[in-house]
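[1] Quick one, structure for this:
(one chain, ligands or ions: 1)
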Amino acid sequence: MKAVVFEAYGPADVLRIDDLQDPAPGPEDIVVRVRAAAVNPKDTFIRKGRFKDFTGDSFPQQTGFDFAGEVAAVNDRGTFQVGEPVIGMLDGWKGKTCAQFVAVKRHQLAAKPATLSWEQAAALPLVSLTALQALRDEGAIQPGWRVCINGASGGVGTMAVQIAKCLGASVTAVCGAESHARVKRLGADACIDYRQTDITRSGRLFDIFFDVFGNQPFAAVQPILTPTGTWISTVLKPEVFAAVEQTRTASGQKARLIVVRADADDLAHVARWAEDGRIEPIIHAVYPMDQIAAAHRQQETKHTHGKIVITIA
Ligand SMILES: NC(=O)c1ccc[n+]([C@@H]2O[C@H](COP(=O)([O-])OP(=O)(O)OC[C@H]3O[C@@H](n4cnc5c(N)ncnc54)[C@H](OP(=O)(O)O)[C@@H]3O)[C@@H](O)[C@H]2O)c1
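    Next comes the predicted model:
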């Protein structure tokens, strides 16, 4: 099969297409013929070697965690049939979805929403699972709560705005002014341009501050959190671990870290919302597989509005 690989950690130019053996399905594996994949910041960090403690030093490595495609072979006992359209997200540190075939586990899959194209479907899993698990599990979101999404125009942010609205919150979106019309259409009640206004000095008060972009430390956000409010970070770094540890048993303000996990029930939940039109995957651009380096470079600008999708011929 054709697959995107890299032979060393480095800039986007290390990515190339190679011929690999088709994945041989292990026990309980499901092999998917991939139609579209999506790029996430995680793919670019892994490619650069930022997580080499987890990704190791053996090459070639593959890339990609999100996918949409059709079941090509089934070794698990039964929920999916060959030919069935599915979506999913790999967990762990080994990306593999920018390829014609990928072997996955049952908990990484859900049926593809029939109303979405392959590209839209591939744009859904990682970012919607992150937003759902952050707001519901780490933030314990309740209807009527005031939620701030910092970085509301990106992949996770556009999903977090929509999922917070599905869960009954009032949403303040922080992003560049050029995206305000789009995030309002997605449901944001108020928009703040971070280039004009420092949200931590805005005088607003939030039950949840979801720091998707990762530039607003817990201490800076505490003045705009309610006395029992929760700050949620997406960034795995020592300052975040320390804040989480310090507030682990706190009854007042809390710091939490989201680490997204593959979960079939959660994936089916967001897929239903997408099929019902309650959430919409936002696509910044679609690239063919042989332009994967350009796709990674776009992701690295930190100004991608929605998702970068890769079509797999
Ligand atoms: N821990 C986990 O499980 C997990 C899961 C998913 C993602 N993440 C992490 O979450 C972060 C965001 O991921 P993503 O996929 O949403 O990235 P993304 O799509 O690249 O997000 C980029 C967005 O950030 C906004 N932005 C840029 N500068 C900003 C600033 N100073 N203040 C506020 N917003 C700003 C941009 O808005 P403008 O263009 O409008 O400026 C852009 O829309 C990444 O670090 C990623 O690794 C972690």
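[2] Only C-alpha atoms from now on, for both contacts and neighbour counts.
    OK.
[3] Quick check: the gap between residue 150 and residue 210.
    Residue 150 sits 6 Å away from residue 210, going by Cα to Cα, to the nearest Å.
[4] and these two? which has more neighbours close in?
    residue 210 (30 against 25; other Cα atoms under 10 Å).
[5] Quick check: which element contains the more buried one?
    strand 206-211 (DSSP states H and E).
[6] Following element in sequence after that strand, please.
    helix 218-221.
[7] Contacts for that next one, please.
    If you take Cα atoms under 8 Å, 6 or more residues apart in numbering as the criterion, helix 218-221 is touched by 200, 209, 231, 240, 243, 255.
[8] Those residues into CSV, with extra columns for neighbour count and distance to residue 265?
    Output for the contacts of helix 218-221, formatted as CSV (neighbours: other Cα atoms under 10 Å; distance: Cα to Cα, whole Å):
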residue, neighbour count, distance to residue 265
200, 15, 35
209, 28, 25
231, 27, 25
240, 20, 28
243, 18, 30
255, 26, 26
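[9] Take these and keep only those in strands.
    209, 231, 255 (DSSP state E).
[10] Report pLDDT for the last one.
    We have a pLDDT of 98 for residue 255.
[11] Then the second one?
    In the predicted model, residue 231 carries a pLDDT score of 98.
[12] Spit out the contact partners of it.
    139, 208, 209, 210, 211, 218, 221, 225, 253, 254, 255, 256.
[13] List only buried entries from the residues you listed.
    Neighbour counting with 16 or more other Cα atoms under 10 Å marks 139, 208, 209, 210, 211, 218, 221, 225, 253, 254, 255, 256 as buried within the contacts of residue 231.
[14] Give the phi and psi angles for residue 34, as a check.
    phi -80, psi 130 (degrees, to the nearest 10).
[15] a markdown table please, covering the contacts of helix 218-221 and showing distance to the ligand.
    Shown next, in a markdown table, are the contacts of helix 218-221 (distance: Cα to the nearest ligand atom, whole Å):
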| residue | distance to the ligand |
| --- | --- |
| 200 | 12 |
| 209 | 12 |
| 231 | 14 |
| 240 | 11 |
| 243 | 15 |
| 255 | 14 |
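[16] Can you show me the CA trace of stretch 236-244 as CSV?
    The C-alpha coordinates for stretch 236-244 follow below in CSV (Å, rounded to 0.1, in the frame of the first residue of the first chain):
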residue,chain,number,x,y,z
LEU,A,236,1.4,18.3,28.4
LYS,A,237,4.0,20.4,30.3
PRO,A,238,5.4,20.6,33.8
GLU,A,239,3.6,23.8,34.8
VAL,A,240,0.3,22.2,33.9
PHE,A,241,1.0,19.0,35.7
ALA,A,242,2.0,21.1,38.8
ALA,A,243,-1.3,23.1,38.7
VAL,A,244,-3.3,20.0,38.3
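[17] Let me see the mean pLDDT of that stretch.
    On average, stretch 236-244 scores 96.
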